[in-house]
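Peer 1: here are the coordinates; sequence isn't available:
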């Protein structure tokens, strides 16, 4: 059971180093199954974006059902299943504890349609300060409303994320044409 509250903090320049610190053992544990390098994901991967101080990581594998997770467990990571993991064909793990995690690892199948959009959203926020700042405002507002209701927090962010992704997927048209 999670005991940490939804707390949005100012961007911390140490977050990339904290990602790298855990990327190495995770990469080694999962290397036989990975289809691409492990990615720093989520708000802590966006310079200047206030965030919950939890480093999200993405590991893309060929088939989630065939991954041997014992080597990951041996590095101190713990399984932390989330609703929808089974149907999404993914694993959720955390470090160093479930109650007070500093890192969250999403192990997803290459064929999943979700992970490319996670990277696209991250990359968009890295290059679009107006959307980054609006997302920060929204997250701070949602956390201030109820810092213990994670489903409401996620649901409150969803329309913004969907709108950004929709803009990214629609062709750009020239109004002068």
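Peer 2: Ah, there it is. All values derive from a computational prediction rather than experimental measurement. Numbers count the residues shown, from 1 in each chain.

Peer 1: Low-confidence bits of the chain, can you list those?
Peer 2: In the predicted model, the chain carries pLDDT under 70 at residues 1-3, 171-177.

Peer 1: Show me what the longest helix belonging to the chain is packed up against.
Peer 2: As assigned by DSSP state H, the longest helix anywhere in the chain is helix 150-169. If you count contacts as 3 or more Cβ pairs under 8 Å, 6 or more residues apart in numbering; DSSP states H and E, helix 150-169 packs onto helix 114-127, helix 129-145. C-betas here are computed from N, CA, C, even on glycine.

Peer 1: May I see these organised as a markdown table, with distance to residue 73 and mean neighbour count added?
Peer 2: As requested, those are arranged in a markdown table below (distance: least, Cβ to Cβ, whole Å; neighbours: other Cβ atoms under 10 Å):
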| stretch | distance to residue 73 | mean neighbour count |
| --- | --- | --- |
| helix 114-127 | 22 | 16 |
| helix 129-145 | 31 | 15 |
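
Peer 1: can you tell which of these is closest to residue 169?
Peer 2: Among the helices and strands packed on helix 150-169, helix 114-127 comes nearest to residue 169, with 8.5 Å by Cβ to Cβ.

Peer 1: what's the angle between the closest one and helix 129-145?
Peer 2: Interaxial angle, helix 114-127 versus helix 129-145 (axes from the mean of the first three to the mean of the last three Cα atoms, to 10 degrees): 110 degrees.

Peer 1: Could you measure from residue 11 over to residue 52?
Peer 2: Shown here: residue 11 relative to residue 52, a distance of 12 Å by Cβ to Cβ, to the nearest Å.
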